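**Student:** predicted structure and sequence below. I'll ask about it afterward.
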Amino acid sequence: MIIHLQTPITEDAPVKTASKAEKSTSISYKDKVIQDRLVMLFLFVATFVAAILYSEFFGV
């Protein structure tokens, strides 16, 4: 007795779903650069805020 565990896959169905998934989840290069710059700016500002708070609370 043979049990088939895999379901049959049509020829064009996996290609269509993969291309739709890639288009919906892919981020353009310009958006990625803007996101990276915002992260760097946030870390830059957070460093100075942390230094100011540290000096205020600990009197260094």
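**Tutor:** Received, thanks.

**Student:** same question for stretch 35-52, mean pLDDT?
**Tutor:** Mean pLDDT, computed over stretch 35-52, is 97.

**Student:** need the CA coordinates for it. CSV is fine.
**Tutor:** Taking Å, rounded to 0.1, in the frame of the first residue of the first chain, the C-alpha atoms of stretch 35-52 are listed here in CSV:
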residue,chain,number,x,y,z
GLN,A,35,15.1,53.8,6.3
ASP,A,36,18.9,53.3,6.9
ARG,A,37,19.5,57.0,7.2
LEU,A,38,16.6,57.5,9.6
VAL,A,39,18.0,54.7,11.8
MET,A,40,21.4,56.3,11.8
LEU,A,41,20.0,59.7,12.6
PHE,A,42,18.0,58.2,15.5
LEU,A,43,21.0,56.5,16.9
PHE,A,44,23.1,59.6,16.6
VAL,A,45,20.5,61.7,18.4
ALA,A,46,19.9,59.0,21.0
THR,A,47,23.6,58.9,21.8
PHE,A,48,23.7,62.6,22.7
VAL,A,49,20.5,62.4,24.7
ALA,A,50,21.9,59.5,26.7
ALA,A,51,25.1,61.4,27.3
ILE,A,52,23.2,64.5,28.5
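
**Student:** pull out the buried positions in it.
**Tutor:** Buried residues in stretch 35-52, defined by neighbour count with 16 or more other CB atoms under 10 Å: none. C-betas here are computed from N, CA, C, even on glycine.

**Student:** who touches that stretch?
**Tutor:** Contact with stretch 35-52 is made by Ile27, as judged by CB atoms under 8 Å, 6 or more residues apart in numbering.

**Student:** how does it look with 7 Å?
**Tutor:** Contacting residues not belonging to stretch 35-52 are not present [CB atoms under 7 Å, 6 or more residues apart in numbering].

**Student:** how close does Ser28 get to Tyr54?
**Tutor:** 39 Å (CB to CB, to the nearest Å).

**Student:** with neighbour numbers in mind, choose between these two.
**Tutor:** More crowded of Ser28 and Tyr54, by other CB atoms under 10 Å: Tyr54, with 11 against 8.
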